[in-house]
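S.K.: when you get a sec, could you give me coordinates for this:
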Amino acid sequence: MVIKRFIDKANIILKAGDGGNGSVSFRREKFVAAGGPDGGDGGKGADIYMVSDDNLSSLIDFRYKKKFVAENGMPGLGKNKTGRSGETLVIKVPRGTIVRDRESNSIIADISGDDPVLIANGGKGGYGNKRFASSTRQIPRFAKSGFPGERLDVVLELKLIADVGLVGFPNVGKSSILSSISAANPKIANYHFTTLSPVLGVVKVDYMDSFVVADVPGLIEGASKGIGLGHEFLRHIDRCRLLLHVVDVSGMEGRDPYEDFLTINSELSRFDDKLAEKPMIVVANKSDIADREKTAAFIQKMELSGYACLAVSAATGEGLDTLIKTTAAKLKTLPLPQVYTPDYKRPEAEIGRKFEIKVIDNEFYIDAPWLERILEGTDVDNYESLMYFQRAISDSGILAELEEMGVVEEDTVHIGEFQFEYMD
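M.R.: Sure, this is the predicted structure:
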């Protein structure tokens, strides 16, 4: 038998496509003695999008593929032709997936809607030499390199989208209730932790109305500290608008139902204060085998505490219709499931020409990615191209800072993988 694991968290790496390099080209046609520059721009690197897919219910696929690389833009061509842009990469994830930046834990996107969401931007294409033509520079023999695409280390975190969440101790009948009020078919047995992963079921109220219920593994005392299974799946009731707190009112396992109620609520609040504050209906299950006076006393105690409480029996079906109607009526008064607002701040594009210079063993190291891209597109054997690079260094303040740091002729200067001797 193949057991499919439920995975609700995964770490992956995303790399958007780099922009294509601009082209150095000159018009060459019959009867045209001195055609001007006609190098086209590089194509844009591919963006990475994510979109929800209701056919997916787990992040297990991302346990096997952890790196996604989008297509780079193609280099520009002669005759002012722009290079082809990279084809957009669309990654399908289960609905309700939160995308977080791994380093800051900030939210990049909440994949809960139907529209694709942009996650990583592809790099812009570099300019072709046509862009650098002017009245004083008529034959530019240089072009710009493309910009790199974004690289992100992200955490995918699945938070199922359901209207109602079933919570309670193990073996109190949550799965039995779900299977009785919906078409879901969870595993049901008379032992603890029968439910090992969240199960969703759609409950039909009438022809036009329905709601989604999520059953998560049972909680036990200490769940918020990692004891048992339920703590791993509490995130899946985070979006729920309403909680159905199921209690074994018969006390057949030797526990007091009111103490069970207090214990579970305490675990919810320890895990997240907002969970314990969610609207809640208490479901007194197994009422068919419970003492009627004790059941009535429990319901009264719940109502005095401010909770609606319904006696039901998943085994006989008693009270389930009332539970469905009460739940549906309550949901109509509550806001829609929460959608998380992104708070991730993308690094500023490298257009401010920032740089850093370090001296190591009397050699100067310039850290300036934007300058490396200019240098990659520079023809050092061409005077105009070299002058363009020289102006970029001068206008950015790099030369002035090098002089302040004591650079002298024939000192070695490093820019990325390039190195040259400083000439005054």
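S.K.: low-confidence ranges, the stretch 151-300 of the chain, go.
M.R.: 184-197, 217-233 (pLDDT under 70).
S.K.: look at the nearest residue to residue 71 once chain neighbours are set aside and tell me its secondary structure.
M.R.: Nearest residue to residue 71 in three dimensions, chain neighbours excluded: residue 86, at 3.5 Å (CB to CB, 6 or more residues apart in numbering). No exception for glycine: its C-beta is placed from N, CA and C like everyone else's. Assigned state for residue 86: coil (three-state reduction, DSSP: H, G, I helix; E, B strand; the rest coil).
S.K.: so residue 86 touches residue 72, yeah?
M.R.: Yes: look at residue 86 against residue 72 with CB atoms under 8 Å: they come within range, at 5.5 Å.
S.K.: how near is the nearest residue to residue 162 once chain neighbours are set aside to residue 99?
M.R.: Take residue 162 and drop its neighbours on the chain: the residue closest to it by CB to CB, 6+ apart is residue 214, 3.7 Å away. Residue 214 is 21 Å from residue 99, where distance means CB to CB, to the nearest Å.
S.K.: ok, now residue 332?
M.R.: Residue 332 sits 31 Å away from residue 99, taking CB to CB as the criterion.
S.K.: so for the two, which residue has more residues nearby?
M.R.: Neighbours per residue, other CB atoms under 10 Å: of residue 332 and residue 99, the larger number sits with residue 99, 24 against 8.
S.K.: circling back to that earlier point, SS state for the residue nearest to residue 162?
M.R.: Assigned state for residue 214: strand (three-state reduction, three-state DSSP).
S.K.: let the chain start at 46 from now.
M.R.: Okay, residue one is now 46; in that scheme the one you just asked about reads as residue 259.
S.K.: need the per-residue pLDDT for the spatially most central residue of the chain.
M.R.: The central residue of the chain, meaning the one whose C-alpha is nearest the mean C-alpha position (CA atoms, centre = their mean), is residue 144 at 1.0 Å. Listed pLDDT for residue 144 reads 97.
S.K.: where along the stretch 46-195 of the chain do the strands fall?
M.R.: Taking DSSP state E, counting those that start in this stretch as the criterion, the stretch 46-195 of the chain carries its strands at 54-60, 93-97, 112-114, 134-138, 142-146, 152-156, 162-165.
S.K.: reformat those as TSV; add distance to residue 184.
M.R.: What follows is the strands of the stretch 46-195 of the chain, written out as TSV (distance: least, CB to CB, whole Å):
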stretch	distance to residue 184
strand 54-60	37
strand 93-97	39
strand 112-114	37
strand 134-138	39
strand 142-146	46
strand 152-156	45
strand 162-165	38
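S.K.: residue 448: which of those is closest?
M.R.: The closest approach between residue 448 and any of those, judged by CB to CB, belongs to strand 54-60 at 38.0 Å.
S.K.: mean confidence for stretch 382-398?
M.R.: For stretch 382-398, the per-residue pLDDT values average out at 76.
S.K.: tell me how far it lies from the chain's centre.
M.R.: Per CA atoms, centre = their mean, to the nearest Å, the displacement of stretch 382-398 from the mean C-alpha position of its chain is 12 Å.
S.K.: and that stretch, which residues are buried?
M.R.: Using 16 or more other CB atoms under 10 Å as the test for burial, stretch 382-398 gives 382, 385, 389.
S.K.: nearest to residue 195, of those residues?
M.R.: Scanning these for proximity to residue 195, where the rule is CB to CB, the winner is residue 389, at 11.3 Å.
S.K.: quick check, that closest one in contact with residue 151.
M.R.: Yes: if you go by CB under 8 Å, residue 389 and residue 151 touch, sitting 4.3 Å apart.
S.K.: anything in contact with each of the two?
M.R.: Here residue 389 and residue 151 have residue 145 as joint contacts, going by CB atoms under 8 Å, 6 or more residues apart in numbering.
S.K.: ok, back up a step: any common contacting residues for residue 131 and residue 117?
M.R.: Common contact partners of residue 131 and residue 117 (CB under 8 Å, 6+ apart): 62, 90-91.
S.K.: closest to residue 206 among those?
M.R.: Ranking those by separation from residue 206, with CB to CB as the measure, puts residue 91 on top at 28.8 Å.
S.K.: so how far is residue 118 from residue 166?
M.R.: When distance is defined by CB to CB, residue 166 is 12 Å away from residue 118.
S.K.: ok, residue 165 next?
M.R.: Residue 165 sits 14 Å away from residue 118, going by CB to CB.
S.K.: these two: who's more crowded?
M.R.: Set side by side, residue 165 and residue 118 show unequal neighbour counts under other CB under 10 Å, the larger going to residue 118 at 29 against 24.
S.K.: is it correct that that one is in contact with residue 193?
M.R.: No: counting by CB under 8 Å, no contact exists between residue 118 and residue 193, whose distance comes to 11.0 Å.
S.K.: intersection of neighbour lists for these two?
M.R.: A shared contact of residue 118 and residue 193, defined by CB under 8 Å, 6+ apart, is any residue touching both; here these are 63-64, 90, 168.
S.K.: could these go into TSV alongside pLDDT?
M.R.: Supplementary listing: these in TSV, determined by pLDDT from 0 to 100:
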residue	pLDDT
63	94
64	94
90	96
168	92
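S.K.: let me have those in a markdown table, extended by distance to residue 450 and neighbour count.
M.R.: Formatted as a markdown table, the shared contacts of residue 118 and residue 193 follow (distance: CB to CB, whole Å; neighbours: other CB atoms under 10 Å):
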| residue | distance to residue 450 | neighbour count |
| --- | --- | --- |
| 63 | 32 | 25 |
| 64 | 33 | 30 |
| 90 | 35 | 30 |
| 168 | 31 | 27 |
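S.K.: let me know the closest of those to residue 220.
M.R.: Compare each of the shared contacts of residue 118 and residue 193 with residue 220 using CB to CB and the shortest gap goes to residue 90, at 48.1 Å.
S.K.: any idea how far that closest one is from residue 353?
M.R.: Computed as CB to CB, the residue 90 to residue 353 distance reads 55 Å.
S.K.: residue 420 now?
M.R.: Relative to residue 353, residue 420 is positioned 71 Å away (criterion: CB to CB).
S.K.: neighbour count winner among those two?
M.R.: When neighbours are counted by other CB under 10 Å, residue 420 comes out ahead of the other of residue 420 and residue 353, with 19 against 15.
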